[in-house]
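> Structure for this input, please:
(chains A and B)
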Amino acid sequence: MAWVLGGSFVGSFGALFLKIGAGKLGRSIISVATNWRLMLGIAFYLFSSVFFVLGVRKGELSVLYPMVSLGSVWTLFWAKLVLGEPLTRPKFVALGMILCGIALLGLGTR
Amino acid sequence: MSTSSVPSHDHAQQRRSFLLVVCCTIIGAAAQILIKKGAGQLGANPTMVETALAMVLNPSLLAGFSMYGVSMVLLVLALRHGELSLLYPVFALTYVWVTILSVTILHESMNGFKLAGIATIVGGIAVLGKGSSK
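Predicted coordinates:
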C-alpha cells in the first residue's frame, strides 16, 4: 500500500511536467523528442509505474487501483502552487471525497 | 454547455468521444488485471531495476502496460473533441470494471467499506471533472 501511495506522489510530478512541457510543444517530432520537460514527465510516469508494480505484487487490486487516485490530490496541489491554477470549490470537494474514499478502502482491508 | 441550439454535428462528435472513453475504460481495466497478474509472477523481493526490466520482459506486464498506453491515447483523442466535465465521470467507469474483474477473475473479497470507498472515489473523480475547465 505504501508503494502504491508513494507511486501516486511520483506520478503527480509526471502530470505536472507533462503540463508544463505540453505548453511549450512545437510542431515537429524532433521538437517533441527534445522537449525535456515532456520527457521528464513521461519518465516520472514510468518511474511511478515501477512503484505500482511493486505495490500491487502483494495485496488486492480492488483496493490498490483506486488508491492511485491520490495522485490527483497531489496534482491539484502542484497545479495550485506551481501553475497558479485556482483551487475551485468543486476541486476542493473532489479532493475531500477522494481522501475519504481512500480512508474507507483502508478500513475495508483491515 | 450543450443546449438544443448545438448543431447535430457536435452531438455526433460528443457521442463518438463518449464511446471512445467507454472503450478506454474497458481496455484500461483489462490492463490493470494483466499488470496485477504479471506483478504476482515477480520474485520474492525484486529491486526497482528488476521490476523495471520485468515491465518489458514479462509478457503480462508488457501487455498490461501496452494496453494502458493505448487506453491513454484513446482518452486524449476523446478529450480533443469532447468536454472534460462530461467525459471524466465516464472515465471513472474504469474503477467499476476493475472492481468487478478483481472479484470475478482474481477472487478478491468485497465488503461494505471497500465498496463505499470505491464509490466515494468515483464520485470524487466525477466532481473533479466538473471543477476543471477544459
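> A:Lys80 - how many residues pack around it?
A:Lys80 has 13 neighbours, counted by other Cβ atoms under 10 Å in any protein chain shown. Any C-beta I mention is one placed from the backbone N, CA and C, and that applies to glycine too.
> no, scratch that, I was asking about A:Thr34
Counted with other Cβ under 10 Å, A:Thr34 comes out at 11.
> next one: the worst-scoring helix or strand of chain A on mean pLDDT to chain centre, how far?
Ranked by mean pLDDT, DSSP states H and E, the helix or strand of chain A with the weakest confidence is helix A:29-33, at a mean of 77. Remark: helix A:29-33 is offset 24 Å from the chain centroid, using Cα atoms, centre = their mean, to the nearest Å.
> Is that helix in proximity to chain B?
No: residues of helix A:29-33 contacting chain B under Cβ under 8 Å from any Cβ of the partner chain: none, with a closest distance of 13.8 Å.
> Next SSE downstream of that helix?
helix A:36-56 (DSSP states H and E).
> Send me that next one as CSV with only the CA atoms.
This file holds the C-alpha atoms of helix A:36-56, laid out as CSV (Å, rounded to 0.1, in the frame of the first residue of the first chain):
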residue,chain,number,x,y,z
TRP,A,36,13.0,17.9,-21.8
ARG,A,37,10.0,18.8,-19.6
LEU,A,38,7.8,16.5,-21.6
MET,A,39,10.3,13.7,-21.4
LEU,A,40,10.8,14.2,-17.7
GLY,A,41,7.1,14.0,-17.3
ILE,A,42,7.0,10.7,-19.1
ALA,A,43,10.0,9.5,-17.1
PHE,A,44,8.2,10.3,-13.8
TYR,A,45,5.1,8.3,-15.1
LEU,A,46,7.3,5.3,-16.0
PHE,A,47,9.1,5.5,-12.6
SER,A,48,5.7,5.7,-10.8
SER,A,49,4.7,2.5,-12.7
VAL,A,50,7.6,0.7,-11.1
PHE,A,51,6.2,1.7,-7.7
PHE,A,52,2.8,0.5,-8.7
VAL,A,53,4.0,-2.9,-9.8
LEU,A,54,6.0,-3.4,-6.6
GLY,A,55,2.9,-2.4,-4.6
VAL,A,56,0.4,-4.5,-6.5
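> same for the strand or helix carrying B:Gly69, what does it pack against?
Element membership for B:Gly69, per DSSP H and E: helix B:59-81. Secondary-structure packing of helix B:59-81 (3 or more Cβ pairs under 8 Å, 6 or more residues apart in numbering or on different chains; DSSP states H and E): helix B:8-40, helix B:48-57, helix B:84-91.
> can I get these in a markdown table with distance to chain A, mean pLDDT and mean neighbour count?
Output for the helices and strands packed on helix B:59-81, formatted as a markdown table (distance: least, Cβ to the nearest Cβ, whole Å; pLDDT from 0 to 100; neighbours: other Cβ atoms under 10 Å in any protein chain shown):
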| stretch | distance to chain A | mean pLDDT | mean neighbour count |
| --- | --- | --- | --- |
| helix B:8-40 | 4 | 90 | 18 |
| helix B:48-57 | 5 | 93 | 14 |
| helix B:84-91 | 9 | 84 | 19 |
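> Kindly reformat those as a markdown table containing distance to B:Gly112.
Converted to a markdown table, those look like this (distance: least, Cβ to Cβ, whole Å):
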| stretch | distance to B:Gly112 |
| --- | --- |
| helix B:8-40 | 22 |
| helix B:48-57 | 34 |
| helix B:84-91 | 23 |
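> picking up where we left off before, could you list the residues in contact with the least confident helix or strand of chain A?
Contacts to helix A:29-33, defined as Cβ atoms under 8 Å, 6 or more residues apart in numbering or on different chains, come from residues A:Leu25, A:Gly26, A:Leu38, A:Met39.
> Does the third one touch A:Leu18 like I think?
Yes: assessed by Cβ atoms under 8 Å, A:Leu38 is found in contact with A:Leu18 at 6.4 Å.
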